[in-house]
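>>> sharing a sequence plus its predicted fold:
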Amino acid sequence: MNRQNHPELIVSGIHLELTQSLKTFVQEKADRLFRHEERILRMRVELESDPKEKFAARFKAKGHVIIDGPALNATVESDECHKAVALLADKLDRMLNRRAQLMKARRHRTHAIEFGAP
C-alpha cells in the first residue's frame, strides 16, 4: 500500500444508495490502483443509477484520478453496479499503465543536441 502520502478516496452515489458492501468493494479496487501508482493524490468515484436507461447501460461509474500532471478521467456503463466498478478499475489501471510507459519512453529517448557555430 502507498504509505507515504495516503491518497484520498471519495465515493459518491447519484440516484443510488451506497451500501457498506459497495463502499468496501470500491475501496478494494482503489487500493489496487494505489499500489500500482504511488503518485496518486486523490481519486473520486461517482456511481450513478438511471432506471430510465436501457438495461445494458443502467449503471454508470465515473472515475477521476488526480495525479502529478494532467488528471485522468474515465467512464464506464454496465447492467450491474459492482461490474461497473470493476470495469472502471480495469480501465483506470490501463490508463495509468499507459501513462507510465509513455513517461518511461520519454525519459529514455535520446535526441541530438546541436551547438551553435563559434
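Looks like it arrived, so ask away.
>>> number of nearby residues for His64?
As a burial measure, His64 scores 16 neighbours (other CB atoms under 10 Å). C-beta here means a position set from N, CA and C on the backbone, and glycine is covered the same way.
>>> repeat for Val85
24.
>>> which other helices and strands contact the longest helix seen in the chain?
Secondary structure of the chain per DSSP state H: the longest helix is helix 81-108. Applying 3 or more CB pairs under 8 Å, 6 or more residues apart in numbering; DSSP states H and E, one finds that helix 81-108 contacts helix 20-36, strand 40-49, strand 59-67, strand 72-78.
>>> between the ones you listed, which one is closest to Ala89.
Ala89 lies closest to helix 20-36 among those, at 3.8 Å (CB to CB).
>>> which residues sit against the closest one?
By CB atoms under 8 Å, 6 or more residues apart in numbering, the list of residues contacting helix 20-36 from outside reads 1-2, 7, 9, 11, 40, 43, 45, 47, 65, 81-82, 85-86, 88-89, 92-93, 96-97.
>>> which of these count as buried?
7, 9, 11, 40, 43, 45, 47, 65, 81-82, 85-86, 88-89, 92-93, 96 (16 or more other CB atoms under 10 Å).
>>> which ones are touching the residue at minimal distance from the centre of the chain?
Against the mean C-alpha coordinate of the chain, by CA atoms, centre = their mean, the closest residue is Leu92 at 3.7 Å. Residues in contact with Leu92 (CB under 8 Å, 6+ apart) are 33, 63, 65, 72, 74.
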